[in-house]
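1. only geometry, no sequence info:
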């Protein structure tokens with residue numbers, strides 16, 4: 001999640017999920033944005049079959065709504081009707097529990113769920129946060145984006161602690177740097193500030209005490225911008241591009257200490273061992289239960 005638009009949320013959701021799936025883990029993408037960009041980027045049509053809009057209103061047999069995009073990669077499409085959800089559920093007592101029911105339906109069936117959130121802190125994003133184990137924050141390394149991340153972290157803290165907490169287990173996994181330009185002095189300064197902030201919070205009890213600035217950063221790559229127009233992930237569209245290389249390496253770093261112990265067992269498969277090298281500091285808390293759920 002990130003309340004700022006155009007920072008790489010959908011690009012990261014789609015391509016990180018695809019990379020995790022290629023590593024051998026059953027992965028589900030849920031497009032929770034009424035713009036339905038993740039749906040388009042995966043080559044799906046939200047008007048066909050049941051969308052996440054339908055499941056939020058009735059999660060019965062939610063598993064049947066997931067469509068197979070490629071081996072190990074499933075998706076639940078979005079639809080523009082989703083924009084009406086906030087009004088339709090305004091008076092419902094269980095309005096913040098709807099996504100949790102959808103995610104729970106996939107327990108034991110998938111290893112990871114990635115939810116693509118809209119660029120706002122409305123009912124849809126709150127539903128995602130109520131259902132998730134961890135939050136990933138895609139951002140560009142700019143000063144104003146840094147200020148926005150600070151406010152976002154405080155929002156997560158409010159949702160994870162206090163008398164009105166809706167998800168006490170919610171943690172911040174860390175920041176994914178998107179459209180990155182490592183040659184810029186300003187960029188390096190912002191990244192250094194992020195590193196120092198997370199390092200300084202290690203001894204706290206905040207939801208981000210184990211958070212990382214994930215390496216590698218995702219370099220600016222035109223192929224990442226082009227691939228959604230063809231309804232393909234970067235791995236299907238330009239597998240040799242730097243964007244594909246970066247998301248593969250990000251998946252390796254992300255999977256450190258997150259690989260479910262029983263991954264694949266329910267399907268008669270053996271867990272896959274990731275063999276590509278990972279960043280030395282990419283150590284994070286493991287996901288809870290059979291399903292690792294990420295926003």
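-> Alright, I've got the coordinates. All values derive from a computational prediction rather than experimental measurement.

2. Number of residues surrounding residue 50?
-> Residues contacting residue 50 under the criterion other CB atoms under 10 Å number 19. Just so you know, the C-beta spots here come from the backbone N, C-alpha and C atoms, and that holds for glycine as well.

3. Over to the one 5 residues further on?
-> Look at residue 55: counted by other CB under 10 Å, it has 22 neighbours.

4. can you confirm it is in a strand?
-> No. Under DSSP: H, G, I helix; E, B strand; the rest coil, residue 55 sits outside any strand and is assigned helix.

5. Please give me every residue in contact with it.
-> Residue 55 makes contact with 62, 65, 76, 98, 102, according to CB atoms under 8 Å, 6 or more residues apart in numbering.

6. again with residue 85
-> Residue 85 sits in contact with 53, 56, 123, 124, where contact means CB under 8 Å, 6+ apart.

7. count of residues packed around the third one?
-> Number of residues near residue 123 (other CB under 10 Å) recorded here: 20.

8. ditto for the second one
-> For residue 56, the number of neighbouring residues by other CB under 10 Å comes to 22.

9. how close does the residue lying closest to it once chain neighbours are set aside get to residue 168?
-> In space, and not counting its chain neighbours, residue 56 is closest to residue 98: 4.5 Å by CB to CB, 6 or more residues apart in numbering. Distance of residue 98 to residue 168, computed by CB to CB, to the nearest Å: 19 Å.

10. Show me which of these two is the more surrounded one.
-> Neighbour tally, residue 98 and residue 168, criterion other CB under 10 Å: the higher count belongs to residue 98, 22 against 10.

11. Contacts only, for that one.
-> Counting by CB under 8 Å, 6+ apart, residue 98 touches 55, 56, 57, 59, 89, 127.

12. Next up, the contacts around the fifth one.
-> I take that to be residue 89. Counting by CB under 8 Å, 6+ apart, residue 89 touches 56, 95, 98, 123.

13. same question, the third one
-> The neighbours of residue 57, taking CB under 8 Å, 6+ apart as the test, are 88, 98.

14. what does the last one give?
-> Applying CB under 8 Å, 6+ apart, we find residue 127 in contact with 32, 56, 95, 96, 97, 98, 99, 100.

15. just the fourth one next, same as before
-> With contacts defined as CB under 8 Å, 6+ apart, residue 59 is in contact with 98, 101, 102, 105.

16. How about the second one?
-> Listed by CB under 8 Å, 6+ apart, the contact set of residue 56 reads 82, 85, 89, 98, 99, 102, 127.

17. tell me the two of the residues you listed that are most distant?
-> Greatest spacing in those, by CB to CB: 89 and 102 (13.8 Å).

18. neighbours of residue 102, just the number please.
-> Applying other CB under 10 Å, we find 24 residues neighbouring residue 102.

19. Over to residue 180?
-> Residues near residue 180, counting by other CB under 10 Å, number 21.

20. try residue 112
-> 27.

21. what about it, distance to residue 134?
-> In terms of CB to CB, residue 112 sits 10 Å off from residue 134.

22. what do you get for residue 182?
-> Per CB to CB, residue 182 is found 26 Å from residue 134.

23. ok, now residue 178?
-> In terms of CB to CB, residue 178 sits 18 Å off from residue 134.

24. ok, which stretches of the stretch 101-250 of the chain are strands?
-> Remark: strands assigned in the stretch 101-250 of the chain by DSSP state E, counting those that start in this stretch are 112-116, 134-139, 171-177, 212-214.
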